[in-house]
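In: let's see this in three dimensions:
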Amino acid sequence: MSAEKLRDSVDTVHRLGKKSTPATFNGRPRSIIIQFGLRTVKEEVWSKSREARVCQDLHIYFKKDYIKEDREARAKLYPLVQEAKKRNLKAYLLEGYAMIDGRRVDPPPEALRLQTRRSDFTVHICSATRYEAGTTIRMKLLVFLLMFVWKLSVSRGGLSLSLTWSLPDVADTEVSCVFMERCILPCSFQADTRVFIDWFQLTAGDFCTHSYYDNQDQLQHQHQMYRNRTSLFKDQISRGNASLQLTGVKVQDEGRYQCCTSTMNENNSSFVNVKVDAPVQEVNIQQVENRMSCSSEGIYPQPELTWSTTPPSNINLHNTTTVQQNEEQLYSISSSLILSDNDTDLVYSCTVKTRRNNMTASLSRTRKSVNGGIIGGVIGAVLVAAAVGLFLFYKKKKLHRHNLQKQHD
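Out: Below is the predicted model:
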């Protein structure tokens, strides 16, 4: 959209309320209302700019105000949308009509009027520290702010500075959940007396995660994977909180979720990316003869295992590592080292690491443990030799007595 087209489409721009003085300033700047001559332009500006990064950086947010005819139409269509949802049909409200099961549904004839009135678009400035009382904001600035690409060029003394702001898509909310614990997926809407709330898991195939309307949960079509594991904050819905609480988090819960809210005044949709972590809880290390082994289990996502020594040495730690995954999609990892007789008086450390945490276990290997087998073998041989010697000595002595007795007889 060009700047010229935007200027031609904006009817009026003005502040709401009376001008503040330093004595009457309450800390909040007055809102500014923009009235469009074309509904299509207003909708395009609304969809592209309501949560744009440039507006967030300038502490400015937008609120759309439906014209009277649209409010009347939505009031009459709301029961139809409500009934369609009860029949498991995809239904939602738009400005002056509804979409039910992929078809447009217009309001009853008595609600139809010529919609020639202007569409209002209110701009709220949130930061009182940036825009103090009495500060004049040029209305042209707000018009330019609503353009999809806002370019400001400044030239001074032969030095040219070109600053371009593009309005990007709103990023998904990132949420990290811990395996078998509870997790909250955030979602909010402009508070209203009646609201539809629908949560969907998109990664696995648009699963119905949770639905709410008629002031109660509607779980008839909830996917079995989420049975008895989802809930809303019922006492906060009236304040615009549509966040979903998920308990007993599983690895299968990982993925992209969509929160859809629909009220008499607006429809909103937001997305949440859920990552599941099963952190490292324990690392086991042990030595059997000349083999050092290390293992850990119940981890997600796939971990990494590394060996090290203290003090650091130049020996090559040749190891064999295996990774397995169980039916819960949790990983177990194990690794073993073959120790050399020359690698004495070292502390061997095994570290298991994931994106959430890491844990290390250590075990000392001393010269005594290396020579222990040899010393034990020598002692054993000496004892055997001593036993054999005693046996031969007593046998020889007994034979000698027997010969003396025979000579005496």
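In: got any ranges where the stretch 1-150 of the chain has weak pLDDT?
Out: Along the stretch 1-150 of the chain, segments meeting pLDDT under 70 span 1-5, 14, 16-30, 36-40, 43, 46-53, 55-67, 95, 108-150.
In: ok, now with 50
Out: Counting by pLDDT under 50, the stretch 1-150 of the chain has low-confidence residues at 110-150.
In: what about the residue nearest to Thr263 when sequence neighbours are not counted, distance to Ala242?
Out: Counting by CB to CB, 6 or more residues apart in numbering, Thr263 lies nearest to Asp192, which is 3.7 Å off, once chain neighbours are set aside. Where C-beta positions appear, they are placed from N, C-alpha and C, glycine not excepted. In this structure, Asp192 lies at 11 Å from Ala242, with CB to CB, to the nearest Å as the measure.
In: okay, those two: which has more neighbours?
Out: Per other CB atoms under 10 Å, whichever of Asp192 and Ala242 has more neighbours is Ala242, with 25 against 15.
In: give the contact list for the nearest residue to that one once chain neighbours are set aside.
Out: Of all residues beyond its chain neighbours, the one nearest Ala242 is Cys187 (4.2 Å), with distances taken as CB to CB, 6+ apart. Counting by CB atoms under 8 Å, 6 or more residues apart in numbering, Cys187 makes contact with Ile197, Trp199, Asn241, Ala242, Ser243, Leu244, Cys259, Thr261, Ser270, Val272.
In: picking up where we left off before, tell me which element the residue nearest to Thr263 falls in.
Out: For Asp192, there is no helix or strand it lies in under DSSP states H and E.
In: mind putting the contacts of Cys187 in TSV, secondary structure included?
Out: As requested, the contacts of Cys187 are arranged in TSV below (DSSP: H, G, I helix; E, B strand; the rest coil):
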residue	secondary structure
Ile197	strand
Trp199	strand
Asn241	strand
Ala242	coil
Ser243	coil
Leu244	strand
Cys259	strand
Thr261	strand
Ser270	strand
Val272	strand
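In: closest to Leu337 out of those?
Out: Lowest distance from Leu337 to the contacts of Cys187 (CB to CB) belongs to Val272, with 43.0 Å.
In: tell me the bridge partners for the closest one.
Out: On DSSP bridges, the residues paired with Val272 through beta bridges are Thr173, Tyr257.
In: and it, how many neighbours?
Out: One way to gauge burial is a neighbour count; for Val272, by other CB under 10 Å, it gives 21.
In: which residues does it contact?
Out: Taking CB under 8 Å, 6+ apart, we find Val272 in contact with Asp172, Thr173, Glu174, Val175, Leu185, Pro186, Cys187, Arg256, Tyr257, Gln258, Cys259.
In: burial count for the closest residue to Ala204 other than its chain neighbours?
Out: Residue nearest to Ala204 in three dimensions, not counting chain neighbours: Gly255, with 6.2 Å by CB to CB, 6+ apart. Counted with other CB under 10 Å, the burial measure for Gly255 works out to 16 neighbours.
In: now do the one 10 residues further on
Out: Counted with other CB under 10 Å, the burial measure for Asn265 works out to 17 neighbours.
In: helices of the chain, start to end?
Out: Applying DSSP state H to the chain gives helices spanning 3-9, 39-49, 53-57, 68-86, 139-145, 367-408.
In: show me what contacts the residue nearest to Thr263?
Out: Applying CB under 8 Å, 6+ apart to Asp192 gives the contacts Thr263, Met264, Asn265.
In: what about it, distance to Leu317?
Out: Separation of Asp192 from Leu317 (CB to CB) stands at 63 Å.
In: now Val347
Out: As it turns out, when the distance is counted by CB to CB, Val347 lies 13 Å from Leu317.
In: what's the distance between the residue nearest to Ala242 and Gln236?
Out: Cys187 sits at a distance of 11 Å from Gln236 (criterion: CB to CB).
In: intersection of neighbour lists for the two?
Out: Each of Ser243 lies in contact with both Cys187 and Gln236 under the rule CB under 8 Å, 6+ apart.
In: how many neighbours does Asn319 have?
Out: Asn319: 16 surrounding residues under other CB under 10 Å.
In: any shared contact partners between Val347 and Leu317?
Out: Thr309.
In: who's more crowded, those two?
Out: In terms of neighbours (other CB under 10 Å), Leu317 is the more surrounded of Val347 and Leu317; the figures are 16 against 13.
In: what about the closest residue to the more buried one other than its chain neighbours, neighbour count?
Out: Counting by CB to CB, 6+ apart, the nearest residue to Leu317 once its immediate chain neighbours are dropped is Trp307, at 4.5 Å. The burial metric for Trp307, expressed as a neighbour count using other CB under 10 Å, is 18.
In: Trp307 contacts Leu337, doesn't it?
Out: Yes. Using CB atoms under 8 Å, Trp307 and Leu337 qualify as a contacting pair, with a distance of 6.3 Å.
In: separation between Ser336 and Asn342?
Out: Using CB to CB, Ser336 is found at 19 Å from Asn342.
In: would you mind telling me which of the two has the busier surroundings?
Out: Of the pair Ser336 and Asn342, Ser336 is the one with more neighbours under other CB under 10 Å, namely 17 against 7.
In: hmm, Met292 and that one touching each other?
Out: Yes. With contact defined as CB under 8 Å, Ser336 and Met292 form a contacting pair (6.7 Å).
In: just to revisit the earlier point, any chance of the contacts of Val272 in CSV, with pLDDT too?
Out: Conversion of the contacts of Val272 to CSV gives the following (pLDDT from 0 to 100):
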residue, pLDDT
Asp172, 87
Thr173, 93
Glu174, 95
Val175, 97
Leu185, 97
Pro186, 97
Cys187, 96
Arg256, 95
Tyr257, 95
Gln258, 93
Cys259, 94
